[in-house]
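A.B. asks: Okay, here's the prediction I keep looking at, along with the sequence it came from:
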Amino acid sequence: QVRPVESGGGSVQAGGSLRLACAASGFRNCNYDMMWYHQAPGKEREFVSSIDSDGSTSYADSVKGRFTIAQDKAKNTVYLQMNDLKPEDTGVFYCKKVLLCGDSEYEEFWGQGTQVTVSS
């Protein structure tokens with residue numbers, strides 16, 4: 001699917017773990033960035049983590065040491081392993097696929113999101 005599809009959300013207690021998955025296809029031999037964003041209730045959507053076609057990763061300060069992003073290219077899937085979850089991690093997690101083709105072609109696709117609820 002061109003648009004990414006997230007899965008793996010759920011409800012956990014603080015300190016627990018979840019693994020989110022983002023399935024995507026249609027990369028057309030382009031370079032890409034796969035990103036996770038978090039939108040807490042009543043707040044703006046914020047960057048969480050990303051991984052690119054070279055495997056380089058980045059993380060928001062708030063999740064460093066707790067979350068790990070990884071990709072399985074054979075399955076066209078990106079994972080976000082979330083450990084030591086906190087109540088402030090509650091919200092919807094969105095996956096965004098960004099394609100960078102050639103010198104100037106840029107496309108982005110958002111998934112529908114997956115809900116994560118962390119109780120204290």
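C.D. replies: Nice, thanks for sending it over.
A.B. asks: May I have the beta-bridge partners of Ile51?
C.D. replies: Met34, Thr57 (DSSP bridges).
A.B. asks: Look up how far Glu107 lies from it.
C.D. replies: Distance, Ile51 to Glu107, using CB to CB, to the nearest Å: 17 Å. Heads up, the C-betas are built off the backbone N, CA and C, glycines and all.
A.B. asks: quick one, which of those two is more surrounded?
C.D. replies: When Ile51 and Glu107 are compared for neighbours, Ile51 comes out ahead with 20 against 14, by other CB atoms under 10 Å.
A.B. asks: Let's check: the centremost residue of this structure is which one?
C.D. replies: The residue lying closest to the centre of the chain (CA atoms, centre = their mean) is Trp36, at 2.5 Å.
A.B. asks: hang on, isn't Arg3 packed against Glu107?
C.D. replies: No: applying CB atoms under 8 Å as the test, Arg3 and Glu107 come out as separate, 11.0 Å apart.
A.B. asks: Kind regards, and thank you for your time.
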